[in-house]
Structure formats: structure tokens, C-alpha cells
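Colleague: here is the input, now give the coordinates:
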Amino acid sequence: MLIEKGVAGQGASIFPATSAELVSTVAHYYRGEMSRMISWRDRIDRTTNWAITMVAGMLSLSLSARDAHHGVLLFAILIVFLLLTIESRRYRFFHVYRGRVRLIERNYYARIFAAQEPVDPALWMAQLAEDLRFPRFTISLNQAMARRLRRNYGWIFLILLFAWLLKTTSARLQPSAASEILHNAAVGSVPGAVVIVCLTAFYSWLLYLMLSHREAEGELAYGEVHV
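Modeller: Residues are numbered from 1 along each chain as shown. Take a look at the predicted model:
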């Protein structure tokens, strides 16, 4: 408030008064939003790296010896789901800043390099101003989770499921008979049948999540150049 009063007292304005000042403002703002987008993208990649490293360690521990319990793989599935939830939350923030960056790139910088159809600057600037005044997430947590599953985590969960099936059915990896899958799948006092039902329900829910939140088209949809 003091700065605004001081500047106003000198007869100057805190807002851009010329086209050169507006261009400078847009450029600096674009750099700021790009920096925030890259920061959140780095956090997304970091969570994925944690999941891959943890899964590699759990697989090595579980499949290296016959007496290693298959519960290690079930624990790995639980940890990967926790990391997926964290990464999905981060992805929602990343998607907000990416949307702002693409709004500027599509309506401002793209027209500088090759102008095509006329675009009213007041429209996209008003859209950006509204987003700055009332910031909100542009996708739900389930949508973000579905995108991360299709991109990386779906393959990680499949590897863990395949390793668990191999651990509970292979004679070389089980101290008991491989045919006794219900006995091998038990975890402590929890019967093997309950473990199998829970795994089936969990993976069925993951598949439903992926299929029910898949975007068919759109600039920021899965399958385009962006994440």
C-alpha cells in the first residue's frame, strides 16, 4: 500500500501504460509461470523415481530367496499406491500452471511467430485474470490419478502383480507346494482367499479408474506432447 501511494504520488502508474511495458510484463509473468510449472514437474518425476527404486529393491528382496515372504510385495503395492496418491496431488498443481503457460503460448507467442485466425486479446487475458483472481484445480484427483496410472504407475502395478503371482505359484520361490495357492497367499492370520479377493478388487478399481477418466481429445489430454 505504501509503495502504491508513493508511486501514485509521483504521478506514475503501477500498471503498464505503453505496449512496451505490457510486453515486458507478459514476458516476466510467463517466465514466472514456466518456473513454477517446471518445479512441479520435477516433483512429479521425483515421486516416480522413488516408486521405481523402491519396487526394484522389494523385488530383489522378495524373489532372491525361497523363504522371503510374499507379503513384501503386498507392502510394495501399498507403498506404490501411497506414492501414486502423492504424485496425483502434485499433478493437479502442475496442471494448473501448465494450463496458464499454454494459454499464453497459444494466444500470444504463437501469434507473434505466425499469426493465423484473429484472436481478441481481451478474451484470453480475461480468462487468465479470472484464473489468477480465483485459482482452482482444473482436474479432479481421480482424473490426475488415472493419467499417472496410464503414464507410469499402471506398468509398475502390473510388474508387482506378476511378481506376486510368480512368488505364490512357483515351486522354486515357495517353501510349500506351488499348487497350494490359497495357503501360499495367506498373510499371517488372514486367509489366502481374502488376500486374493482384496487384490482382485484393488486392481479392478485401478482398471476402472483408467478407463473411466480417459480423455479422447484436447490439447492437454493424455497422448499429446505434454505429460
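
Colleague: from here on, just use CA atoms for contacts and neighbour counts.
Modeller: Fine.

Colleague: which residues are contacting stretch 112-126?
Modeller: Contacts with stretch 112-126, where a contact means C-alpha atoms under 8 Å, 6 or more residues apart in numbering, come from 103, 107.

Colleague: chain center to it: distance?
Modeller: Here the centre of stretch 112-126 is set off from its chain's centre by 30 Å, with C-alpha atoms, centre = their mean, to the nearest Å.

Colleague: give the buried residues for that stretch.
Modeller: residue 124 (16 or more other C-alpha atoms under 10 Å).

Colleague: right, and the helix or strand after the helix or strand harbouring residue 146?
Modeller: Taking DSSP states H and E as the definition, residue 146 sits inside helix 141-148. Counting by DSSP H and E, the element after helix 141-148 in chain order, helix or strand, is helix 154-169.

Colleague: quick check: angle from that following helix to helix 141-148?
Modeller: Counting by axes from the mean of the first three to the mean of the last three C-alpha atoms, to 10 degrees, helix 154-169 points 80 degrees away from the direction of helix 141-148.

Colleague: and helix 154-169, what's buried?
Modeller: Buried residues in helix 154-169, defined by neighbour count with 16+ other C-alpha under 10 Å: 154, 156, 157, 160, 161, 163, 164, 166, 167, 168, 169.

Colleague: just flag the most distant two among these.
Modeller: The largest separation in the buried residues of helix 154-169, counting by C-alpha to C-alpha, is between 154 and 169 at 22.5 Å.

Colleague: and the helix holding residue 146, what other elements does it pack with?
Modeller: On a contact count with 3 or more C-alpha pairs under 8 Å, 6 or more residues apart in numbering; DSSP states H and E, helix 141-148 meets helix 71-104, helix 192-212.

Colleague: pull out the buried residues from the first one.
Modeller: Going back to what we said before, that points to helix 71-104. Quick answer for helix 71-104 (16+ other C-alpha under 10 Å): 71-74, 76-77, 80-81, 83-85, 87-104.

Colleague: for that helix, packing partners?
Modeller: When contacts are defined as 3+ C-alpha pairs under 8 Å, 6+ apart, helix 71-104 sits against helix 19-63, helix 121-133, helix 141-148, helix 154-169.

Colleague: in TSV: these, plus mean pLDDT and distance to residue 210.
Modeller: Formatted as TSV, the helices and strands packed on helix 71-104 follow (pLDDT from 0 to 100; distance: least, C-alpha to C-alpha, whole Å):
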stretch	mean pLDDT	distance to residue 210
helix 19-63	91	18
helix 121-133	88	28
helix 141-148	93	5
helix 154-169	91	9
